[in-house]
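Peer 1: okay, predicted coordinates and the sequence, questions at the end:
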Amino acid sequence: MKVEIIIDRKHQVSQSIMDALYQALLTRLGEHYPDVQVRVAAGSAMAMNVTRASREEKEEVEALVQSVWEDADSWMPEEESAA
């Protein structure tokens, strides 16, 4: 399974936040899907793509990604969360 998160450059998300999000997603998704490949990158629009997964798996991944995003205090770099 491959999970790709694209963050719109207009949001000016720093590379350290994207790296931290990548690690958090890799850890959380890897608990359920050991063969998962994760990519977090800047792009021209916000997007999430899940490939090589069933419909049920895609729904589970979307819920896990949402959970990780909502728990940003646990993975966001300290200097970034204070800004």
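Peer 2: Structure received. Numbers count the residues shown, from 1 in each chain.
Peer 1: buried set for the helix or strand hosting Ile7?
Peer 2: Ile7 is part of strand 2-8 when elements are defined by DSSP states H and E. If you call a residue buried by 16 or more other CB atoms under 10 Å, then strand 2-8 has these buried ones: Val3, Ile5, Ile6, Ile7. The C-beta positions use only the backbone N, C-alpha and C, and glycine is treated the same way.
Peer 1: so the first one sits against Gln37, correct?
Peer 2: Yes. Using CB atoms under 8 Å, Val3 is in contact with Gln37, at 7.2 Å.
Peer 1: strands along this protein, start to end?
Peer 2: 2-8, 37-43, 47-51 (DSSP state E).
Peer 1: and the angle from the second one to strand 2-8?
Peer 2: Right, the one you point to is strand 37-43. Here strand 37-43 runs at 20 degrees with respect to strand 2-8, directions being taken by axes from the mean of the first three to the mean of the last three CA atoms, to 10 degrees.
Peer 1: give the pairing partners of strand 37-43; include direction for each.
Peer 2: Strand 37-43 pairs in its sheet with strand 2-8 (parallel), by DSSP bridges.
Peer 1: where does pLDDT dip in the protein?
Peer 2: Scanning the chain for pLDDT under 70 picks out 79-83.
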